[in-house]
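Colleague: build me a model from this:
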Amino acid sequence: MKLCRIMLVAAVLFFLSSSISVAGDFDWMHDFNIQAQADPSGFKARLATRFQIGSAQIDAIIGNVSNPVDAYMVMRLGEMSNHQPEYVMKKYKAGKKKGWGALAKSLGIKPGSPEFHALKRGEDLYGCGGGKYSGEKGRGNGRGKSKNKG
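Modeller: All right, here's what the predicted structure looks like:
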């Protein structure tokens, strides 16, 4: 009986810790939504500037997603995968319950890529110069495969 309790507690802790780590992947999204909902017109203007698209296209995307951050993600994943936002929107609607990693993978973006990890951390929210991620390569002394190749 004591062994069953220990196993049950261990299982609960395992599932709680895994759900916390999954939620932490895109923890910036909540704040992003709050800011976008506080200033909808400013949010639309920032998206138009960031992705260089017109307000009609932005309105169409925002009108077809659950949250403002979903509109940003649709446009950003389209940019990362070189697909039009309309194509990404179709993929989003078909598999939105699978998560952003699955959507990225279906668009040809590797979920383990540095760009996708930067996106998960909320870097580059407003362009390469506007976020924390600048796209520069590291200058460490690691043992990467491309060392000494120019």
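
Colleague: where in this protein is pLDDT low?
Modeller: 1-26, 124-150 (pLDDT under 70).

Colleague: show me what contacts the nearest residue to residue 106 once chain neighbours are set aside?
Modeller: Excluding the flanking residues, the one nearest residue 106 by Cβ to Cβ, 6 or more residues apart in numbering is residue 91, at 5.6 Å. No exception for glycine: its C-beta is placed from N, CA and C like everyone else's. The contact partners of residue 91, taken as Cβ atoms under 8 Å, 6 or more residues apart in numbering, are 103, 106, 107.

Colleague: now the residue lying closest to the last one once chain neighbours are set aside: how far from residue 105?
Modeller: With Cβ to Cβ, 6+ apart as the criterion, residue 107 has its nearest non-adjacent residue at 3.9 Å, and that residue is residue 81. Between residue 81 and residue 105 the computed distance is 10 Å (Cβ to Cβ, to the nearest Å).

Colleague: again, but for residue 34
Modeller: From residue 34 over to residue 105 the distance is 28 Å, taken as Cβ to Cβ.

Colleague: just want to know which of the two has more residues nearby.
Modeller: More neighbours surround residue 105 than the other of residue 34 and residue 105, with 16 against 11 (other Cβ atoms under 10 Å).

Colleague: ok so that one is a strand residue?
Modeller: No: read with DSSP: H, G, I helix; E, B strand; the rest coil, residue 105 is helix and lies in no strand.

Colleague: how about the nearest residue to it once chain neighbours are set aside, secondary structure?
Modeller: Distances taken as Cβ to Cβ, 6+ apart place residue 111 nearest to residue 105, at 5.6 Å, with adjacent residues excluded. For residue 111, the assignment made with three-state DSSP gives coil.

Colleague: correct me, but residue 111 touches residue 104?
Modeller: Yes: Residue 111 is within contact range of residue 104, at 5.6 Å (criterion: Cβ atoms under 8 Å).

Colleague: ok, the nearest residue to residue 115 once chain neighbours are set aside to residue 56 distance?
Modeller: Leaving aside its chain neighbours, residue 115 sits nearest to residue 80 (6.0 Å; criterion: Cβ to Cβ, 6+ apart). Separation of residue 80 from residue 56 (Cβ to Cβ): 23 Å.
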